[in-house]
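Colleague: fold the following, please.
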Amino acid sequence: MSTQTSDRVLERLSRLHPKLIDLSLGRIERLLTALGNPHKKLPLVVHVAGTNGKGSTLATLRACLEAGGCRVHAYISPHLVRFHERIRLAGQLIEEEALIALLEECEAANGGTPITYFEITTAAALLAFARIPADIVLLETGLGGRLDATNVVCSPVVTAITPISLDHQAFLGDTIAAIAGEKAGILKPRMAAILGPQPAEAEAVIEARADELGAPLYRWQREWRCEAFGDGMRFSGARWRLDLPLPSLSGPHQIINAGTAIACLEQLKDFPLSSAVVATGLRQIEWPARLQRLTRGALVEVMPPGWELWLDGGHNPGAGVVLANVVAGWRDRPLYLVVGMMNTKDASGFLAPLAPHTKALAGVTIPGEENPLPAETLAAVARSVGINAMTAASVDAALADFRTASPAGRVLICGSLHFAGTVLKENS
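Modeller: Model (predicted):
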């Protein structure tokens, strides 16, 4: 019996290129040609890019389509705990044996030539999507858009760009306009594009690109809107006027993400979903580590009554603003932050919006990461923006310190999707 595991294959594939990130389409296009061009044999595709909210938007799309009985393939990144989370086949996470077979097939077709981890694993996902029947494929970009490996798909039925913020500047450019130009690279000629809320400079760049391509653009607060209404929310778009329940994901920003998803659904004329189906989908969205309240598990069990634990993978200035808007309403008990970040992120920009609402922060060095921001540096940055900060050896140690400081409180663990993954694993 083979002792091969997907983790072993993935580790081997990670050594095929000296860089983790090297944006280009040439290598994956070469591999896909060797595999028989599976990216040209897909069902209808929805392609989603953006800095913040693209994963939540994709999760909402999947929930609504599946509520309508559709078979949905989905590709997301990064994963939180297991790689299998990245590839969902007709509604189910890919199984271990199937994943190993796909990865090894791609490895053999690649023939040892340089290719990045994300490129070869994206090829594996596209190969699976082409072979297994489904009604639609939902693709989330990994980084940027123009040169992202997912952008080999030439004719998505609709594209979407969620809010853009400063992030990954070393790869995408150091201005909002430059980053928007990269994200706008997923737009395709004459294919509808849904645009979430954007800074003015980002919207101008995307509008110009859509005009060049003749891509119909559906913009938030212009061609569509979605806002709280009564106990739920109201969506108004090009064709639909829907009164709906709030999405199951927490936070007012999820109304916008849900609206972006519904604006995409409105363009899928081959999938005439009813208002009742969309409502059912909104009630059953699953998307861990996005303002997720942890209600069970090892970390929860050590907290006394009166304490809540929340988890969010936000890690850039835009995400900091979104989280601050949420926690501003948490006034019934003090807020404590446990933060772990990568050393490539703008810790000050992320933490500054949260400062007015935070009683204390514990900085944690993310375990097992090659490029974590040291806890001492993170605490110093937090103090520089006005947060009372300390360091902790682990999340568990941070929680122990907070428990002694107050009889009740709310803890938000945040700063990185990588950190969120380690927390979910520790809490399981």
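
Colleague: phi, psi of the residue lying closest to residue 236 once chain neighbours are set aside?
Modeller: Computed as C-beta to C-beta, 6 or more residues apart in numbering, the closest residue to residue 236 that is not its neighbour in sequence is residue 225, at 5.3 Å. No exception for glycine: its C-beta is placed from N, CA and C like everyone else's. In this entry, residue 225 is assigned phi and psi values of phi -150, psi 150 (degrees, to the nearest 10).

Colleague: wait, isn't residue 225 in contact with residue 258?
Modeller: No - Residue 225 lies out of contact with residue 258 (C-beta atoms under 8 Å); the separation is 12.0 Å.

Colleague: between those two, who's got more neighbours?
Modeller: Legend: neighbour count by other C-beta atoms under 10 Å for residue 225 and residue 258, higher for residue 258 (31 against 15).

Colleague: show the model's pLDDT score for the nearest residue to residue 350 once chain neighbours are set aside.
Modeller: Here the nearest residue to residue 350 in space, its sequence neighbours aside, is residue 320; by C-beta to C-beta, 6+ apart that works out to 4.1 Å. Listed pLDDT for residue 320 reads 97.

Colleague: I'd say residue 320 and residue 348 touch.
Modeller: No - contact criterion C-beta under 8 Å: residue 320 and residue 348 do not qualify, at 9.5 Å.

Colleague: looking at the two, which is more packed in?
Modeller: Neighbours were tallied for residue 320 and for residue 348 using other C-beta under 10 Å; the higher tally belongs to residue 320 (24 against 14).

Colleague: so the more buried one: helix, strand or coil?
Modeller: Residue 320 falls in the helix class when you classify it by DSSP: H, G, I helix; E, B strand; the rest coil.

Colleague: from residue 80, how far off is it?
Modeller: Applying C-beta to C-beta, to the nearest Å, the value for residue 320 to residue 80 is 20 Å.

Colleague: repeat for residue 302
Modeller: 21 Å.

Colleague: which residues in the stretch 301-428 of the chain form helices?
Modeller: For the stretch 301-428 of the chain, helices defined by DSSP state H, counting those that start in this stretch occupy the ranges 317-327, 347-351, 375-384, 395-405, 417-427.

Colleague: most packed of those helices?
Modeller: Across the helices of the stretch 301-428 of the chain, averaging neighbours per residue (mean count of other C-beta atoms under 10 Å) puts helix 347-351 on top, at a mean of 23.

Colleague: for it, packing partners?
Modeller: If contacts are counted by 3 or more C-beta pairs under 8 Å, 6 or more residues apart in numbering; DSSP states H and E, helix 347-351 sits against helix 317-327, helix 375-384.

Colleague: pLDDT of that helix, averaged?
Modeller: For helix 347-351, mean pLDDT rounds to 98.

Colleague: run through who's touching that helix.
Modeller: With contacts defined as C-beta atoms under 8 Å, 6 or more residues apart in numbering, helix 347-351 is touched by 166, 314-317, 319-320, 339, 341, 361, 373, 377-378, 381-382, 384-385, 387, 415.

Colleague: just how off-centre is that helix within its chain?
Modeller: 19 Å (C-alpha atoms, centre = their mean, to the nearest Å).

Colleague: alpha carbons of it, as PDB, please.
Modeller: Output in PDB follows, covering the C-alpha atoms of helix 347-351 (Å, rounded to 0.1, in the frame of the first residue of the first chain):
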ATOM      1  CA  ALA A 347       0.800  46.200  10.700                       C
ATOM      2  CA  SER A 348       0.400  49.900  11.600                       C
ATOM      3  CA  GLY A 349      -2.200  50.400   8.900                       C
ATOM      4  CA  PHE A 350      -4.100  47.300  10.000                       C
ATOM      5  CA  LEU A 351      -4.100  48.100  13.700                       C
END
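
Colleague: where does the stretch 1-150 of the chain dip in pLDDT?
Modeller: 1-2 (pLDDT under 70).

Colleague: so the residue nearest the centre of the chain is in which element?
Modeller: Nearest to the geometric centre of the chain sits residue 55, at 3.3 Å (C-alpha atoms, centre = their mean). Taking DSSP states H and E as the criterion, residue 55 maps to helix 54-67.

Colleague: tell me the helix or strand right after that helix.
Modeller: strand 72-75.

Colleague: picking that back up, make JSON lines from the helices of the stretch 301-428 of the chain and add distance to residue 247 to it.
Modeller: Listed next are the helices of the stretch 301-428 of the chain as JSON lines, based on distance: least, C-beta to C-beta, whole Å:
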{"stretch": "helix 317-327", "distance to residue 247": "14"}
{"stretch": "helix 347-351", "distance to residue 247": "24"}
{"stretch": "helix 375-384", "distance to residue 247": "31"}
{"stretch": "helix 395-405", "distance to residue 247": "27"}
{"stretch": "helix 417-427", "distance to residue 247": "19"}
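
Colleague: break the protein into its domains for me.
Modeller: Residue ranges for the domains of the chain, per automatic domain parsing: 6-283, 292-427.

Colleague: figure out how far the last one is from the centre of its chain.
Modeller: With C-alpha atoms, centre = their mean as the basis, domain 292-427 stands 19 Å off its chain's centre.

Colleague: ends of that domain, how far apart?
Modeller: 13 Å (C-alpha to C-alpha, to the nearest Å).
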